[in-house]
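Q: fold the stuff below for me.
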Amino acid sequence: MPQRNAIGEAFKNNGYRMPAGAEAAFTRQHQIKIGTDEWKKTINAPVNSSFPQFDPLSVLLTGNILNYVAPTHDSKGATVTTATFNYNVPGAVALFFGGSIGDQLTIFGEVNGFGGNSTFDTDDDLAGKTVSVDSPAINANVRVVWEFNPGLNIALGNNFSNASWNGVSVGGVVNVSGVLPAPGTYAELNYTRGDVGGYSITAGTSMAAKNQTPIVATENKIDDILYLRGKVKLFGAGLLTGANGEFGNPYTGLDNHITLGAGLSYTEHNIAVKDPKTGVTPTKGFTGGYAGETLVYGGDIQGVYNDFLAGAAISHDRDLQLNNFKAEVGHYLYSWLYIKGAYSDLANSAKLTAKVPVLYDVHQPSIAGSLTAWLSSAVSLTGTYTHFTKERVASGTNNADTVALAVRAGF
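A: Numbering: from 1, shown residues only. Modelled structure (predicted):
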């Protein structure tokens, strides 16, 4: 609480197992045997089955309970969209699960999309009209890790890649997944070292599809995307041990450190496939927000000192010469109260179409401030105000300021 600290970082780097041989001490529990002795003799079961005494399951409930969207205006000051104010109950539910098989194989996953609507038929016939709403379909995100030795593992999955994280947590300060393309269905090799500080290297290959949306303009092949991610923790708790560092905030478990990272994503494909979400047909490379790009690379830095956190990440692409930049700074007023400011300038290359052969104003910077209060170690409320520095850009997009109050509760 309230975010992944050095112990959590080492836990993931060790393939979702406790570091430094402490796994057995943290997982001792009575096993519940399955089946009677007579049943086992009947089928001659080769292995006695059992369940853990408690289920390795967790439920996460999230969503906005209040949401205000400011009005937007055209260049003459006329109102384009009016202000809206809505209240709701948190309706997005995710189920997390995990478990170990033997001494080397570990599975971690998430099933999300519960509580959201999906495509449905409105008149009960196969050829009738259907209605599609913006809530995602229920889907599963899984990471399966085989650990060769502590700090050396290979992982298969469609989410939770080691290439997407930096420093302590996505909930703290900036992480690189906003400025670099995230891998889809991947296979990656992870190597981590460090009793104090340390370094890690992640090399992977990814197929194009992530759930239902292709992220490169090609069919699914194991080498659609190649990516590399490395980081160095200059001092602080070890990336592999989670210990031996100086904790700057013992109430949250954060250690004083500076972490430097760098990464790249590459694809060589040039088949024109329309992105189903944006409707854009790129000429080559990635789709979505990186349409038309084949090489994106960048770096990041994050630091923690006592109750203060700061981070920045920047990326650049070779083809369209677009830059993405994020910077965040945060401060724990108390161990349960966290204030954060963020600046984000993410170029939206998906708005580049064949009718717009030259770059126009694809940058739409935003400034956001948020205040998070933990009502308990597993329940938090976050209020966020987001302001766009450009209300209207050349593409015709109208950016509305927003105010939201969100809840996040784990059980």
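Q: contacts only, for Gly98.
A: 16, 56, 106-109 (Cβ atoms under 8 Å, 6 or more residues apart in numbering). Yep, even glycine has a C-beta here, placed from its N, CA and C like the rest.
Q: now the residues you listed as JSON lines including secondary structure, pLDDT and distance to Ala209?
A: Output for the contacts of Gly98, formatted as JSON lines (DSSP: H, G, I helix; E, B strand; the rest coil; pLDDT from 0 to 100; distance: Cβ to Cβ, whole Å):
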{"residue": "Tyr16", "secondary structure": "coil", "pLDDT": "86", "distance to Ala209": "24"}
{"residue": "Pro56", "secondary structure": "coil", "pLDDT": "72", "distance to Ala209": "28"}
{"residue": "Thr106", "secondary structure": "strand", "pLDDT": "90", "distance to Ala209": "24"}
{"residue": "Ile107", "secondary structure": "strand", "pLDDT": "91", "distance to Ala209": "21"}
{"residue": "Phe108", "secondary structure": "strand", "pLDDT": "90", "distance to Ala209": "21"}
{"residue": "Gly109", "secondary structure": "strand", "pLDDT": "91", "distance to Ala209": "17"}
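Q: dump those residues to CSV, plus neighbour count and distance to Ile314.
A: Shown next, in CSV, are those (neighbours: other Cβ atoms under 10 Å; distance: Cβ to Cβ, whole Å):
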residue, neighbour count, distance to Ile314
Tyr16, 20, 30
Pro56, 13, 38
Thr106, 21, 33
Ile107, 16, 34
Phe108, 21, 30
Gly109, 18, 32
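Q: and the residues you listed, which is closest to Ala342?
A: Using Cβ to Cβ, Phe108 is the member of those that lies nearest Ala342, at 27.7 Å.
Q: now Gly8: phi and psi?
A: For Gly8, the backbone dihedrals are phi -60, psi -40 (criterion: degrees, to the nearest 10).
Q: now do the one 10 residues further on
A: Reported as degrees, to the nearest 10, the phi and psi values for Met18 are phi -60, psi 140.
Q: what of Ala10?
A: Note on Ala10: backbone dihedrals following degrees, to the nearest 10 are phi -70, psi -40.
Q: numbering from 51 from now on, please.
A: Done: numbering now begins at 51, and the last item shifts to Ala60.
Q: secondary structure class for the residue nearest to it when sequence neighbours are not counted?
A: Counting by Cβ to Cβ, 6 or more residues apart in numbering, Ala60 lies nearest to Gly292, which is 3.3 Å off, once chain neighbours are set aside. Counting by DSSP: H, G, I helix; E, B strand; the rest coil, the backbone at Gly292 sits in coil.
Q: contact partners for Gly292?
A: Contacts of Gly292 by Cβ under 8 Å, 6+ apart are 55-61, 69.
Q: distance of it relative to Gly247?
A: 12 Å (Cβ to Cβ, to the nearest Å).
Q: do I have it right that Ala213 meets Gly313?
A: Yes - using Cβ atoms under 8 Å, Ala213 is in contact with Gly313, at 6.2 Å.
Q: shared neighbours of the two, anything?
A: The contact lists of Ala213 and Gly313 share 226, 230, 277-279, where a contact means Cβ under 8 Å, 6+ apart.
Q: identify the farthest-apart pair in those residues.
A: Val226 and Leu278 (12.1 Å).
Q: give me the common contacts of these two.
A: In contact with both Val226 and Leu278: 213, 313, using Cβ under 8 Å, 6+ apart.
Q: what is the burial count for Pro121?
A: By other Cβ atoms under 10 Å, the residues close to Pro121 number 14.
Q: oh, I was asking about Lys126
A: Using other Cβ under 10 Å, Lys126 has 5 other residues around it.
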